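>>> Structure of the sequence below:
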Amino acid sequence: MAELEEAASRVIRSGCYLHGPETKAFEKELAAQCGARFAIGVSNGLDALRLIIRGYMELGLLLKGDGVMVAGNTYIATLLPVTEFGLSPIIIDPDPDTMNFDWEQGLDVVRQLKEAGWKGRVKAVIVTHLYGTPSWNLEIARKFHEQDIFIFEDNAQAIGALAAEPGLHGTRMTGNLADAAAFSFYPTKNIGALGDAGAVVTDDRQLADTVRALANYGSTERYYNRYAGYNCRLDELQAAMLRIKLRHLDAETERRNAVADAYAAGIKNGLVTLPKKFADMRQVWHQYVIRVPEALRDPLRDYLAKAGIATDVHYPTPPVYQPCYEKYFDMPDDDPSLKFANSCISLPIANVTPEQAAEVARVINEFKG
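Model (predicted):
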C-alpha cells in the first residue's frame, strides 16, 4: 500500500498523465521480464489482441477471410477481435490434461482443410495460457511457421509462467514464446492495475511500431495519422501501479503455487478431478479449477457456499454459445468445451493462504454428492 500510494503521489505531482516516464519505464521492465525486445502499454487485454490482429492486417500479413484457430473454452475476448476484423474463426477443442488449446488437433485441422480444398487459408492461431498453465508445443509451432501460420499468445492469465520447451525466440517465458502476445492487467489478474490496463509484447519491431501508432489514433508523429487508429493508450497512473506490482510478481507466483500445492495435497474426494501440475513447467495459477460430474457441479458450489466458501465458474458459457454468436457457429452435441464448462469450479486462489486452502479441501472431502 505504501509503495502504491507513493507512486500515485509521484504521478499526480508530476503533472504528466500520458506518454510519460512511468509508461516508458513499465514497458522496458515488462519487456525485460519476458525476455522480449518490445512492450507497448495499452488500455486493456482485449485491445491488446485487437491491436495485434489489426497490426498484422495493416502490414498485409493477415487478410479478411483468413482462418484463425482459437480454443473453444477460452474467454470471449480471445474470439471477439477475430470476428470483428472479418477473419474466420476455427474452433479447436481443449486438451483434457492442460485445459488449453489442443496443438495436435490444430495441426490436424490445418491438414484436413487443405485436403478438403478449403478456398481460404489458415493464417494464425491464438493460444490462451488458460488459468496460468502455459500452452506451448515447439515442434508443432515450428510446423505452423513452416506453413506461414502466425502464433499469438493470449497471456492475460499467465504472466511469469514458464513453458516446458523454449519458444521461437529461445525463452520459455510466456508472453514471448511466439510472434506476439497480449497481456491483461485487469484488477483480478496475477498482476492487476487499479483499473483497466494491458500490453502487447513482441520481438518484431515493425509490428511494435504499428501497434504503438494504432493505439494512439494511428499517429506515427504528432498530427500525422498514418492509420485510422484508436485511443488505446496506457495512462501514467496505471503504469506506475503496474511497475510496483511487477516487482512483486515472483512473490505472488510463489504464494499461488503454495496454495495450489495445499489444494492438491488436501483434496481427496473421489468425485473431484484436480488440475494437473506439470513438473517441467512453472504454472502461475490464475485460477485453481477442479472438475466434477456435471450433475454435481451446482450442488457442490451450493454446499461450499453454505460453508462460507465462495467459488466461481470460468467460464459457464463458452464464447461460441453466447447470444452474439448464436447464428455464427454450429457446434456438435458432444462439444468438449461445453462439457468442460458444465463441470468446472474455480476455488479461491487470490488472497488465500495455504492454511485456508487446507480448510477448503477438508470441506470438499466431506461432500457426498
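>>> which of the residues in stretch 119-126 are buried?
Buried residues in stretch 119-126, counted by 16 or more other CB atoms under 10 Å: R121, V122, K123, A124, V125, I126. C-beta coordinates here come from the backbone N, C-alpha and C atoms, glycine included.
>>> Can you point out the helix or strand that includes V289?
For V289, the element it lies in under DSSP states H and E is strand 288-291.
>>> Let me see the contact set for the closest residue to N216 other than its chain neighbours.
Nearest residue to N216 in three dimensions, chain neighbours excluded: R233, at 6.0 Å (CB to CB, 6 or more residues apart in numbering). Neighbouring residues of R233 by CB atoms under 8 Å, 6 or more residues apart in numbering: L18, H19, G41, V42, S43, A215, N216.
>>> now R233: how far from V70?
Distance, R233 to V70, by CB to CB, to the nearest Å: 27 Å.
>>> Strands of the stretch 151-300 of the chain, start to end?
Along the stretch 151-300 of the chain, the stretches classed as strands by DSSP state E, counting those that start in this stretch are 180-184, 198-202, 219-221, 224-225, 288-291.
>>> got TSV for the ones you listed, with mean neighbour count, distance to F150 and mean pLDDT too?
Putting those into TSV (neighbours: other CB atoms under 10 Å; distance: least, CB to CB, whole Å; pLDDT from 0 to 100) gives the following:
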stretch	mean neighbour count	distance to F150	mean pLDDT
strand 180-184	29	8	98
strand 198-202	29	11	98
strand 219-221	13	23	93
strand 224-225	12	26	96
strand 288-291	23	28	98
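>>> would JSON lines of the ones you listed with distance to G270 be doable?
Putting the strands of the stretch 151-300 of the chain into JSON lines (distance: least, CB to CB, whole Å) gives the following:
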{"stretch": "strand 180-184", "distance to G270": "36"}
{"stretch": "strand 198-202", "distance to G270": "41"}
{"stretch": "strand 219-221", "distance to G270": "59"}
{"stretch": "strand 224-225", "distance to G270": "61"}
{"stretch": "strand 288-291", "distance to G270": "12"}
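>>> Could you list the domains of this structure?
Taking automatic domain parsing as the criterion, the chain consists of the domains 2-247, 249-365.
>>> Which elements pack onto the longest helix along the chain?
In the chain, with assignment by DSSP state H, the single longest helix is helix 249-266. Packing contacts for helix 249-266, counted by 3 or more CB pairs under 8 Å, 6 or more residues apart in numbering; DSSP states H and E, involve strand 288-291, helix 354-365.
>>> again, only using 6 Å
helix 354-365 (3 or more CB pairs under 6 Å, 6 or more residues apart in numbering; DSSP states H and E).
>>> got the buried residues for the helix it packs on?
In helix 354-365, counting by 16+ other CB under 10 Å, buried: P354, A357, E359, V360, A361, V363, I364.
>>> Over to stretch 186-201?
Per 16+ other CB under 10 Å, stretch 186-201 contains these buried residues: Y186, K189, N190, I191, G192, A193, D196, A197, G198, A199, V200, V201.
>>> Would you mind listing the residues in contact with the residue lying closest to R54 once chain neighbours are set aside?
Distance criterion CB to CB, 6+ apart; nearest residue to R54, sequence neighbours excluded, is L214 at 5.8 Å. By CB atoms under 6 Å, 6 or more residues apart in numbering, L214 lies in contact with L51, R54, Y227, G229.
>>> returning to that earlier point: the longest helix of the chain: how far from the chain's middle?
19 Å (CA atoms, centre = their mean, to the nearest Å).
>>> Now do it against helix 354-365, angle only.
30 degrees (axes from the mean of the first three to the mean of the last three CA atoms, to 10 degrees).
>>> Name the nearest residue to C16, ignoring sequence neighbours.
With CB to CB, 6+ apart, the residue lying closest to C16 is E236, at 6.0 Å.
>>> and G67, bridged to which residues?
The residues listed as beta-bridge partners of G67 by DSSP bridges are S88, V122.
>>> Contacts only, for it.
Counted by CB under 6 Å, 6+ apart, G67 has contacts S88, I90, G120, V122.
>>> now it: how far from L107?
Applying CB to CB to G67 and L107 gives a distance of 13 Å.
>>> With A262 instead?
A262 is 37 Å from L107, by CB to CB.
>>> next one: F367
40 Å.
>>> Those two: which is more packed in?
L107 (21 against 16; other CB atoms under 10 Å).
>>> packing partners for the strand holding V289?
strand 344-347.
>>> mind redoing it with 10 Å?
If you count contacts as 3 or more CB pairs under 10 Å, 6 or more residues apart in numbering; DSSP states H and E, strand 288-291 packs onto helix 249-266, helix 294-306, helix 336-341, strand 344-347, helix 354-365.
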